[in-house]
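Student: requesting a structural model of the entry that follows:
(chains A and B)
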Amino acid sequence: MEMPSPSKMVLADKAKLTEALLQVLPEDAVISDLAETRAYECDALTAYRCPPMLAVLPRSTQEVSEVLRICNAAGVPVVPRGAGTSLAGGALPTADCVLLGVARMTEVLETDYDNRIIRVQTGRTNLSVSGAVEDRDFFYAPDPSSQLACAIAGNIAMNSGGAHCLKYGVTTNNLMGVTMVMMDGTVVEIGGAHLDAGGLDLLGVICGSEGQLGVVTEATLRILRKPEGARPVLIAFDSNEVAGACVSDIIKAGVLPVAIEFMDRPCIEACEAFAKAGYPMCEALLIVEVEGSDAEIGHQLSLIGDIARRHDPIELREASDAEEAARIWLGRKSAFGAMGQINDYMCLDGTIPVSTLPQVLRGIDALSQQFGLKVANVFHAGDGNMHPLILFDANKPGDLELCEEMGAEILKLCVEVGGCLTGEHGVGVEKRDLMTHQYSPSDLEAQLKVKDVFDPKWLLNPAKVFPLAVTETRRAAGRV
Amino acid sequence: MLRPETEADLVDAIAAAKDPLAIQGGGTRGVSCQGTPLTTERLTGVSLHEPGALTLVAAAGTPVAEVEQLLAEENQRLAFEPPDLRALLGSEGTPTLGGVFATNGAGPRRIQCGAARDFLLGVRFVDGTGTAVSNGGRVMKNVTGYDLVKLMAGAHGTLGVLSEVSLKVLPQAEATSTVVVSTGDLGAGLQAMSTALGAPYDVSGAAFNPAAGEAYIRLEGFQSSVAYRAEKLSTLLAGHGAVELRTDSANLWKGIRDVQPLVGADGDLWRISVKPGDAVRLIPALGAAQCLLDWGGGLVWAVVPKGTDVRARMAVPGHATLMRGRGFARFHPEPAPLAALSAGLRAQFDPRQILNPGLMG
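Tutor: Numbers count the residues shown, from 1 in each chain, chains lettered A, B, ... in the order given. Got it, this is the predicted structure:
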């Protein structure tokens, strides 16, 4: 992975910068020793590593503001980091950067059940936001699989989704306001407890901007009352095509499940070996979950059952109690762990129009044969967000490169059929160089113009999202 | 009047413009600017509708009614309920999809499933330099690059003129039922809505009409499910006022969506967005106002005596848009750092300041 060569001047001034940061941060919040900065050398895309020049762990918006003001004045790049769970390398440092981690900012600032909002510091983990309102039976809807570990800051940066966003939407649909620090240290408040922007929808463009427009330190999030109950049904098919057609028919029929998950045979086999959830051996499994009271759930599951039976499923298994429901989800939820057990893998995240599912699965299969690497597919079928897992051997020379090459081909296929490179993980460094396959030069230029406004010196997370060649002139202009 | 028929025409029209352009869809939303009118009304046609994928792609000037008709044939709808403001604003013309998204319109279902912005999956637009730009796409989940789709929703044409939109649609509900709580007290009405929205019954509309002294709570879904939830809610809300159930409430909600109770009211018309619970302080502060509350109290439509400075009277966080009247800017002035960002974006996307100049600051 090509990264910009570090600025010699910035590196030479490390001691001076450390001194300046210690003026505004407590001693334990500035990390300069290589043995310790190494802890921040990568995120969950572990293939790429680079320790930052310095790491800082501020505790307040004010401290973040001071850090950014100092770095901006000194022309030092800043890489923001939530919990470091990005699969796309969104928090990968450069050798000359200050890594700004929000991990110490975890407070709940306000909970307001009457208006159904919670305001938190963004270092708080996704699951602990729900945890803070659970005793009143409320929850925060977006649920990325990493929700135990991932921070709201990263969720906002990547506009994270999750299994249940078919009904509840992704981060951007549940984010109402932010306190954000601009690269020059200015603190801005955008949105709040009211709905919709009064002027341009700045919140909308900040969400998903991968930490390139500002550092979000506090967020106002929509919380919802938990449904009375939820229950999944498991439907097994002997072909991917038929499973895909069934998904489409469920959606067309007016049932809107909270989740429709899809697993193919390699994935089912791996999950079964790992979690022993008791899945039937078949070509394609759907897990469809609906919500409501017992009777409401029963009605929806019977409609879904009727639709599924028209497609001759091998098996249709309704959860009759909480334990069975947990067993149905067990395999799916351990899919990534299961794959990790048997192999190194790379997880892709392209989204496709649901109607092209069979075509894309056939394409992936052909690529798998061509490259000689196995692929397991697990994904959010209701919204077409695929997660092909390409299996490779990290210890075998050349295998990672082969895997990346194949991954790129799969993502290009997603774009060709009318989809996109990433549905919920973000571009980061991983898919940076594929952006030209989805967007024309003028499409990309329009996005770069937005960054020009928020971060004119191009110091915030500068080597991400766009191909380096496309941003070279801008980054050079901002450099010291 | 410029009437491009293709995106290429639109590119030419904007590139060739020497003077300001007043961008219009159907011209029904009361947005008027100085300049040569440029309308998207001839950029029409649905190019894709995949009911099984809940997606639709259409040219920006396509009439809303045409899209709604097409969707209805598949038992689907624009779930965010785009308001038709013609009666309210005394405007004529045909509401277009582009106009709905450019103004980020949304009706009562906003509190359950989002505004126009939340249903917009992709855009094509032509910026102020005459450059055609595409962002987003036609799939439900997409985080590839910056979300200019959101930025264009509600930008009122000031960053670019929409030429094509792709959107998410949803199934129609089998049944609708409305729990009506009668109470003359604003506070009690707000509390009833808050209680309903905080209950596990998936409320899809919560409005209060002070003139009628009624709070309306809408439930949608399968017949049996709606009946069950209506009964539960009726019990839950009994303490807030007399409770009655209405099953034929489609026109009631259309009326709330289109602000029908304030049609013909004399004075300036404001659209105010606040934290729902703050409406109880906001409304008395407005003085002699006729109001309609939607979004659980978070959206306040108010007709006030001409010249009333609603923004000066607000005293709660939020923003107020002048929808009809004179003497004030249409949009709420932004704090300086945000105003600087907005101005910066306009300077980038419309460096010659020809797209609805001055409209948003």
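
Student: pLDDT score for the closest residue to chain A within the stretch 101-250 of chain B?
Tutor: Closest approach between the stretch 101-250 of chain B and chain A, counting by C-beta to the nearest C-beta: residue B:150, at 2.5 Å. Where you see a C-beta, it was placed from the backbone N, CA and C, and this is true even at glycine. Model confidence at residue B:150, given as pLDDT, is 98.

Student: how many neighbours does the closest residue in space to residue A:428 that isn't next to it in sequence have?
Tutor: With C-beta to C-beta, 6 or more residues apart in numbering or on different chains as the criterion, residue A:428 has its nearest non-adjacent residue at 2.9 Å, and that residue is residue A:88. Taking other C-beta atoms under 10 Å in any protein chain shown as the neighbour definition, residue A:88 ends up with a count of 26.

Student: gap between residue A:88 and residue A:96?
Tutor: 21 Å (C-beta to C-beta, to the nearest Å).

Student: same thing with residue A:355?
Tutor: Taken as C-beta to C-beta, the spacing of residue A:355 relative to residue A:96 amounts to 47 Å.

Student: ok, these two, which is more surrounded?
Tutor: Shown here are residue A:355 and residue A:96; by other C-beta under 10 Å, residue A:96 has more neighbours (25 against 19).

Student: low-confidence ranges in chain B?
Tutor: Scanning chain B for pLDDT under 70 picks out no residues.

Student: return the distance of the spatially most central residue of it relative to residue A:165.
Tutor: A centroid search over chain B (C-alpha atoms, centre = their mean) returns residue B:105, at 1.6 Å, as the residue closest to the centre. Separation of residue B:105 from residue A:165 (C-beta to C-beta) stands at 23 Å.

Student: what's the answer for residue A:183, then?
Tutor: Per C-beta to C-beta, residue A:183 is found 30 Å from residue A:165.

Student: also residue A:284?
Tutor: Using C-beta to C-beta, we find residue A:284 at a distance of 21 Å from residue A:165.

Student: cool, residue B:25 as well?
Tutor: Separation of residue B:25 from residue A:165 (C-beta to C-beta): 30 Å.

Student: thought the residue nearest to the centre of chain B was touching residue B:29?
Tutor: Yes - when contacts are counted by C-beta atoms under 8 Å, residue B:105 is listed as touching residue B:29 (7.5 Å).

Student: need the overlap of contacts for these two.
Tutor: Between them, residue B:105 and residue B:29 have residue B:99 as joint contacts when contacts are counted by C-beta atoms under 8 Å, 6 or more residues apart in numbering or on different chains.

Student: residue B:159: neighbour count?
Tutor: Burial of residue B:159 is recorded as 27 neighbouring residues (other C-beta under 10 Å).

Student: could I get the contacting residues of it?
Tutor: Shown in contact with residue B:159 (C-beta under 8 Å, 6+ apart): A:200, B:125, B:127, B:128, B:151, B:152, B:345, B:346, B:349, B:350, B:355.

Student: tell me the one among those nearest to residue B:315.
Tutor: Within those, proximity to residue B:315 (C-beta to C-beta) peaks at residue A:200, which comes in at 24.7 Å.

Student: would you mark the buried spots in stretch B:256-273?
Tutor: Buried positions in stretch B:256-273, judged by neighbour count with 16 or more other C-beta atoms under 10 Å in any protein chain shown: B:256-262, B:265, B:267-273.

Student: ok, stretch A:404-411 next?
Tutor: By 16+ other C-beta under 10 Å, the buried positions in stretch A:404-411 come out as A:404, A:406, A:407, A:408, A:410, A:411.

Student: quick check, that stretch touching chain B?
Tutor: No - Stretch A:404-411 lies apart from chain B when judged by C-beta under 8 Å from any C-beta of the partner chain; the minimum separation is 9.6 Å.
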